[in-house]
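A.B. asks: just need the structure, nothing else, for what follows:
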Amino acid sequence: MKFSDRSVAALRCPDGKAEIRAADDALPGFMVRLKAGGVPMFLFQYRFGGGIRRITLGRFGTITTDEARRKARALAGAVADGRDPWAERKASAAQAEADAAEAALTVTALIDDFDRRHLSGKKLSYRRDFLSRTRQHLAAIKNTPAAQVTRKQAVHVVDAARDNAGTTTARRVLQYARTLFGWARERALIETNPFEAVPAPGAVVFRDRVLTGDEIGAVWRAAEGLEHPYGPMTRFLLLTLARRDEVAGMTWGEVAADLSTWTLPAERAKNGKAHVVHLGKPAQAILRAALGAEDGKPLSTQPKADALVFGTLNRTKVSSFAWIKGKLDKAIAAEREKDAARRGEDASPLPGWTFHDFRRSGVTWLAEAGFPPHVADKLLNHVQGTVRGVAAVYQRGEFMAERQKALEAWGAHVIACAEAKPATGNVVALRRA
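C.D. replies: Below you'll find the predicted structure:
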C-alpha cells in the first residue's frame, strides 16, 4: 500500500507479535515499524557495501506521513548518487559531540583539569603560583574553547602581562601557558599549542640589587609616612626578610602570644615547609602598635586568630604593592631632594629596587657581619641552600638560636641605618659582636 496518515494510523500489531514492518509501494525503502502497544515509526532502508542500513525518520504524530516521505525520497537520492547517508549521519553526530566537547573545554576548564590531573601532585608553592598567574593573566580568554585559542590571542595575553605586571611576570605567564597547552596537546585535547612559538618578552633578569645602609634607612623613614597597614608592613618586611605575600597574609593566630615568634604555616610557605621567624624588639613594637598596646605593658587585646595582622580597612589582604612602592619612592625622592639642597647639590634618584631586594640585602649584610651562609638559608626558608647533596639529607638542624641572633643583629642594623644622617654612600655599618 501507499502510506497515508489514515493508513498508517490504522496499522495494528497482531496479538503474539512483538512488532510488524510495512513497506510503502510507491517509494522503495520507505517503511513503517510498529511495536506492540507502540506508535508507528517511519524508517528508510537501503543496501550499501553489502549490508543493510536503516535510518529513523521520525515518529508518526511527531511528523506526518508526507514529511517522512520527503525525507525518505531525499535519502534515496543520496544513495543513488553513491553516498551512504547512515555513515554521514553517524559522522555528523560524532562531529557534533566532538564540537560540544571542544566548546565545553574552555581555557578555565582546561586549567581546572590540569590542576586536578597534574598539579595536585606538584609542590604546593608551584601549584599555587601556576594557578594564580594563569587564572589572572589568561582571564581575557578564559571562556574561549582551548582548541580555538589562536597564536594572535596568545601574543596578546603575554603582551598584556608585560604591560600590566612587567617583563619577569610576562615570561613566567608564557612559561606556564606553554606548559598548560602543551599538556593538553599531549592528551589530544587540542591539535596545536598557540603559545609554543610566542617569543619571550625581554631578557632573563638576574637581580643582584643590594640596598646600601643609606637606602635601607631611606626606606624605613619613608614608611613612617604611610598609614596602617602599608607603612608598618613595609618595615616588618625589612626586619624579618620574609616574602611580601607571606607577610600580607599573616594572621594573629600565627604569632606567639608574647609576640616573640611568627610561625608561617606550610600551606602558605613557598616551599611548602613551615617556617619560624624570630621577632626582635623592633618587629614586636610594630605588632604592639597594631594592637594599640602601650610600650612596657602587657597585651590587653587578643585578636581573632584568623584576623590579618596587616589587613586593610575592609579586612582584606594587601595586594597593592606597586602603589605602596610608588608612595615610598615619592617620599624617598623628596627626602633626597631636601638633603641635596642642604648640601647645595643636585639630587640623584634612588636606583631601582623591589621589596624582594630586602631579602638579598639582609643576607648579604649578615654574611659580611660574620654569620654563616647556612644560617642565612634557614632565615630565608630556602630548601636548596649551601648545604646540598648527601649532606642535606642528613643535616636537619634548624639553627634556631643562630637565626634569632642573626635577625636581632639585622634589626639593630636597620634601626641604625634609619637613625643615621642621610649621606651619599653607605656609611652605616654594624658588625657582629
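
A.B. asks: for residue 13, what are its contacts?
C.D. replies: By CB atoms under 8 Å, 6 or more residues apart in numbering, the contact list for residue 13 reads 19, 20, 34, 35, 36, 37, 38. (Glycine included, C-beta is placed from N, CA and C.)

A.B. asks: okay, and the third one sits in which element?
C.D. replies: Assessed by DSSP states H and E, residue 34 sits inside strand 30-35.

A.B. asks: all helices of the stretch 201-350 of the chain, in order?
C.D. replies: Secondary structure of the stretch 201-350 of the chain (DSSP state H, counting those that start in this stretch): helices located at 213-223, 230-240, 244-248, 281-291, 321-343.

A.B. asks: of those, which approaches residue 169 most closely?
C.D. replies: Comparing the helices of the stretch 201-350 of the chain by their distance to residue 169 (CB to CB), the top pick is helix 321-343, with 11.4 Å.

A.B. asks: strand partners (parallel or antiparallel) of the strand holding residue 34?
C.D. replies: In the sheet containing strand 30-35, its partner strands are strand 19-23 (antiparallel), strand 41-48 (antiparallel), by DSSP bridges.

A.B. asks: strands of the chain, start to end?
C.D. replies: Taking DSSP state E as the test, the strands found in the chain are 19-23, 30-35, 41-48, 51-59, 261-264, 275-278.

A.B. asks: nearest to residue 156, of the ones you listed?
C.D. replies: strand 261-264 (36.9 Å).

A.B. asks: packing partners of the closest one?
C.D. replies: Contacts defined by 3 or more CB pairs under 8 Å, 6 or more residues apart in numbering; DSSP states H and E place strand 261-264 against strand 275-278.

A.B. asks: which other helices and strands contact the strand it packs on?
C.D. replies: Helices and strands touching strand 275-278, as assessed by 3+ CB pairs under 8 Å, 6+ apart, comprise strand 261-264, helix 400-419.

A.B. asks: now render those as a markdown table, adding mean neighbour count.
C.D. replies: Converted to a markdown table, the helices and strands packed on strand 275-278 look like this (neighbours: other CB atoms under 10 Å):
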| stretch | mean neighbour count |
| --- | --- |
| strand 261-264 | 18 |
| helix 400-419 | 19 |
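
A.B. asks: make TSV from those and add distance to residue 341 to it.
C.D. replies: Output for the helices and strands packed on strand 275-278, formatted as TSV (distance: least, CB to CB, whole Å):
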stretch	distance to residue 341
strand 261-264	41
helix 400-419	21
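
A.B. asks: reformat those as TSV; add distance to residue 51 and mean pLDDT.
C.D. replies: Output for the helices and strands packed on strand 275-278, formatted as TSV (distance: least, CB to CB, whole Å; pLDDT from 0 to 100):
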stretch	distance to residue 51	mean pLDDT
strand 261-264	70	95
helix 400-419	80	94
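
A.B. asks: for residue 149, which of these is the nearest?
C.D. replies: Counting by CB to CB, residue 149 lies closest to strand 261-264 out of the helices and strands packed on strand 275-278; the figure is 37.2 Å.

A.B. asks: which of the strands paired with strand 30-35 sits most buried?
C.D. replies: Among those, ranked by average contacts under mean count of other CB atoms under 10 Å, first place goes to strand 41-48 (a mean of 19).

A.B. asks: averaged pLDDT, that one. What do you get?
C.D. replies: Taken as a whole, strand 41-48 has a mean pLDDT of 94.

A.B. asks: and what of stretch 186-206?
C.D. replies: On average, stretch 186-206 scores 85.

A.B. asks: tell me the contacts of the closest residue in space to residue 86 that isn't next to it in sequence?
C.D. replies: Computed as CB to CB, 6 or more residues apart in numbering, the closest residue to residue 86 that is not its neighbour in sequence is residue 53, at 4.0 Å. Residue 53 makes contact with 45, 46, 47, 84, 85, 86 under the criterion CB under 8 Å, 6+ apart.

A.B. asks: how much space between residue 53 and residue 70?
C.D. replies: Separation of residue 53 from residue 70 (CB to CB, to the nearest Å): 19 Å.

A.B. asks: try residue 96
C.D. replies: 23 Å.

A.B. asks: state the distance from residue 106 to residue 163.
C.D. replies: 24 Å.

A.B. asks: the more surrounded of the two?
C.D. replies: Between residue 106 and residue 163, residue 106 has the larger neighbour count (other CB atoms under 10 Å), namely 19 against 11.

A.B. asks: tally of neighbours for the nearest residue to that one once chain neighbours are set aside?
C.D. replies: Residue nearest to residue 106 in three dimensions, not counting chain neighbours: residue 143, with 5.4 Å by CB to CB, 6+ apart. Neighbours of residue 143 under the rule other CB under 10 Å: 10.

A.B. asks: which residues sit in contact with residue 143?
C.D. replies: Residue 143 neighbours (CB under 8 Å, 6+ apart): 106, 107, 108.

A.B. asks: how about residue 287?
C.D. replies: Residues near residue 287 by CB under 8 Å, 6+ apart: 255, 259, 279, 309.

A.B. asks: nearest to residue 216 among those residues?
C.D. replies: residue 279 (18.4 Å).

A.B. asks: nearest to residue 126, of the helices of the stretch 201-350 of the chain?
C.D. replies: Proximity to residue 126 (CB to CB) singles out helix 244-248 among the helices of the stretch 201-350 of the chain, at 14.5 Å.

A.B. asks: so for the closest one, what's the average pLDDT?
C.D. replies: pLDDT averaged over helix 244-248 gives 92.

A.B. asks: CA atoms only: put it into CSV for me.
C.D. replies: C-alpha atoms of helix 244-248 as CSV (Å, rounded to 0.1, in the frame of the first residue of the first chain):
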residue,chain,number,x,y,z
ARG,A,244,55.8,40.1,50.8
ASP,A,245,52.9,37.8,50.2
GLU,A,246,53.7,35.8,53.3
VAL,A,247,53.6,38.9,55.4
ALA,A,248,50.5,40.3,53.7
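
A.B. asks: and it, how far out from the chain middle?
C.D. replies: 17 Å (CA atoms, centre = their mean, to the nearest Å).

A.B. asks: tell me which other helices or strands that helix touches.
C.D. replies: So helix 244-248, by 3+ CB pairs under 8 Å, 6+ apart, packs with helix 230-240.

A.B. asks: helices or strands up against the helix it packs on?
C.D. replies: Contact partners of helix 230-240 among helices and strands, from 3+ CB pairs under 8 Å, 6+ apart: helix 213-223, helix 244-248, helix 281-291, helix 321-343, helix 400-419.

A.B. asks: hmm, who's touching it?
C.D. replies: 216, 219-220, 223-226, 242, 244, 247-248, 262, 277, 279-280, 282-283, 286, 289-290, 310, 318, 324, 327-328, 355, 358, 407, 410-411, 414.
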